[in-house]
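Engineer: coordinates only, no sequence provided:
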């Protein structure tokens, strides 16, 4: 059974800092990995999708890497802003499009 | 990216009543949709896979007679919580995967439905 762990559970940084969120998964036989953002009481916004054959994806200030063999992914956020404050979820697709989610990292960026 | 909508966004009902939640893919077709549940400060847990034209597949521990799923068309899936009780109060979110293009198999989520059962 796939298990996804995210570290840290919470993170508080001043505006402008670069930061890294970590995600690990137990079964390396995955189709893809997706990073989401969730604001309080809201649904999920897809940030980045990394297919199993890829090693990284970039979108604006976000960069996600994937090391499938070691079961790890990182989400790098450059020059953080208060608007980046949210919970970031890592989810692994192990087949049939069903996702296994981590518990998330709650990020707070202070002005 | 693709857009998924949910209706209603929020519902409050009395114990024992049934509640229907709709999930629509607005600009793409989805033969498969997924229903998740999220309790406060918890992550999302998959409840069931909704399949257009066939029966839904439920995850272990999810009562199929309590959570009725109907995938009426390629753009609509509904989740009906029957005889709702306070313990069913939760945040219900649906998703649908893109089945074409560079974002193939990327999951797009609806905005969620907050259910409160009194």
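Structural biologist: Here it is on my side, so go on. It should be emphasised that the depicted structure is a prediction, and the values quoted were computed from it without experimental measurement.

Engineer: work out the gap between the least confident helix or strand in chain B by mean pLDDT and the centre of the chain.
Structural biologist: Lowest on mean pLDDT, DSSP states H and E among the helices and strands of chain B sits strand B:107-109, with a mean of 91. Distance of strand B:107-109 from the chain centroid (C-alpha atoms, centre = their mean, to the nearest Å) equals 11 Å.

Engineer: what sits against the closest residue to residue A:26 other than its chain neighbours?
Structural biologist: Distances taken as C-beta to C-beta, 6 or more residues apart in numbering or on different chains place residue A:3 nearest to residue A:26, at 4.6 Å, with adjacent residues excluded. The C-beta positions use only the backbone N, C-alpha and C, and glycine is treated the same way. For residue A:3, the contacting residues are A:25, A:26, A:100, by C-beta atoms under 8 Å, 6 or more residues apart in numbering or on different chains.

Engineer: out of those residues, who's nearest residue B:28?
Structural biologist: residue A:100 (23.5 Å; C-beta to C-beta).

Engineer: looking at this, that closest one is in a strand?
Structural biologist: Yes. Assigned with DSSP: H, G, I helix; E, B strand; the rest coil, residue A:100 falls within a strand.

Engineer: touching, it and residue A:6? I think so.
Structural biologist: No. Using C-beta atoms under 8 Å, residue A:100 is not in contact with residue A:6, being 11.7 Å away.

Engineer: so residue B:48 sits against residue B:36, correct?
Structural biologist: No. Taking contacts as C-beta under 8 Å, residue B:48 lies outside contact range of residue B:36: 9.1 Å.
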